[in-house]
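> No sequence on hand, only this structure:
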């Protein structure tokens with residue numbers, strides 16, 4: 001049986017939204033990924049390294065990644081590269097492949113093994129994307145508040161623009 005209720009939202013995201021309540025979190029609790037530097041492993045393929053850096057950049061903008069998340073991100077990009085390779089093979093072989101019977105005659109077409117590989121990897125990716133806020137549904141829960149607007153040059157020198165009070169009536 002799964003957990004009840006909506007999935008918990010990271011405290012860093014709640015702070016960005018303005019909905020963080022300190023009373024809901026114990027003092028000294030982990031916020032975001034705990035900080036620290038996340039490094040791309042050298043053994044990843046060049047394609048996976050490129051994806052690693054791209055996703056890391058996006059997660060840092062949200063402020064929800066730290067050293068503790070490095071393994072999950074590594075597994076994600078490695079699985080993503082495997083899925084992409086399976087998709088290439090599936091495109092080459094097609095969804096249905098012809099097979100031979102014991103006498104060497106063509107039988108009915110059967111499902112390509114690459115389709116199964118691709119589907120299993122896609123399921124794994126979806127689970128990891130949900131954990132990291134990368135699927136459309138999880139992104140709805142992870143939306144942060146818009147960035148604060150910086151004052152323009154006029155406001156810096158003259159203060160915020162003030163609108164005169166609206167006068168109603170004849171006086």
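Thanks, I have it. It should be emphasised that the depicted structure is a prediction, and the values quoted were computed from it without experimental measurement.

> residue ranges with poor pLDDT in this structure?
Applying pLDDT under 70 to the chain flags the ranges 1-4, 24-35, 135-171.

> can you map out the helices along it?
11-17, 46-62, 70-93, 113-131, 136-142, 153-158 (DSSP state H).

> List the buried residues of stretch 8-23.
9, 10, 11, 12, 13, 14, 15, 16, 20 (16 or more other C-beta atoms under 10 Å). C-betas here are computed from N, CA, C, even on glycine.

> circling back to that earlier point, of all the helices of the chain, which one comes closest to residue 102?
Among the helices of the chain, helix 113-131 comes nearest to residue 102, with 19.4 Å by C-beta to C-beta.

> Distance to residue 36 for the helices of the chain - can I get that in JSON lines?
Supplementary listing: the helices of the chain in JSON lines, determined by distance: least, C-beta to C-beta, whole Å:
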{"stretch": "helix 11-17", "distance to residue 36": "14"}
{"stretch": "helix 46-62", "distance to residue 36": "12"}
{"stretch": "helix 70-93", "distance to residue 36": "9"}
{"stretch": "helix 113-131", "distance to residue 36": "19"}
{"stretch": "helix 136-142", "distance to residue 36": "21"}
{"stretch": "helix 153-158", "distance to residue 36": "35"}
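
> just so I know, which of those helices lies nearest residue 37?
Here helix 70-93 is closest among the helices of the chain (C-beta to C-beta), at 8.9 Å.
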